[in-house]
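Student: just need the structure, nothing else, for what follows:
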Amino acid sequence: MSSSDENVTYREYFLSVDEFNHPKVYKNEDATYVLLIRLILLEKGTYPTRPDMGVGLVSRYRYAFNDKIKQLESDITDQIATYLPEFTGVSVKVESDNKIIVIAITIDKYTYQLTYTRDKNTLSAL
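Tutor: Numbering: from 1, shown residues only. Alright, predicted model coming up:
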């Protein structure tokens, strides 16, 4: 293990290569962002072995109004607890207006903020 890998807690491998033509690997916070984004965008039923996995942000909450925000918070919290149990101390807060949904997920005192733009149908990390 190289000295640069001593503090790596999480790794997530991509099906692409970096500028040196090596497999692309995200580490720690970047890897956590990738896992969270995948889980939030994933549609239920995508994986036959895990039919309940996924929040389905686009299909279920793209046109949701403020009355569905608490349900989205609950869905994200439940999905993380079930499919990413290695993350502890999870807190989810979702805010919405007519054009965007802001999702703030706090894991062990580090907050991951995602912004979903309804008009453009994009999810971005800050």
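Student: what strands line up against the least confident helix or strand in the chain by mean pLDDT, and which way round?
Tutor: Within the chain, no helix or strand scores below strand 11-17, which has a mean of 74 by mean pLDDT, DSSP states H and E. Here strand 11-17 has these sheet partners by DSSP bridges: strand 23-27 (antiparallel).
Student: average pLDDT for the partner strand?
Tutor: Averaged over strand 23-27, pLDDT sits at 81.
Student: now swap in stretch 41-61 and tell me
Tutor: Averaging pLDDT along stretch 41-61 gives 93.
Student: now for that stretch, what's the gap between its first and last residues?
Tutor: This stretch, stretch 41-61, spans 11 Å end to end (CA to CA, to the nearest Å).
Student: ok, and for it, which residues are buried?
Tutor: Residues Leu41, Leu42, Met53, Gly54, Val55, Gly56, Leu57, Arg60, Tyr61 are the ones in stretch 41-61 that count as buried (16 or more other CB atoms under 10 Å). Where C-beta positions appear, they are placed from N, C-alpha and C, glycine not excepted.
Student: hmm, Ser59 and the first one touching each other?
Tutor: So that's Leu41. No - Leu41 lies out of contact with Ser59 (CB atoms under 8 Å); the separation is 9.8 Å.
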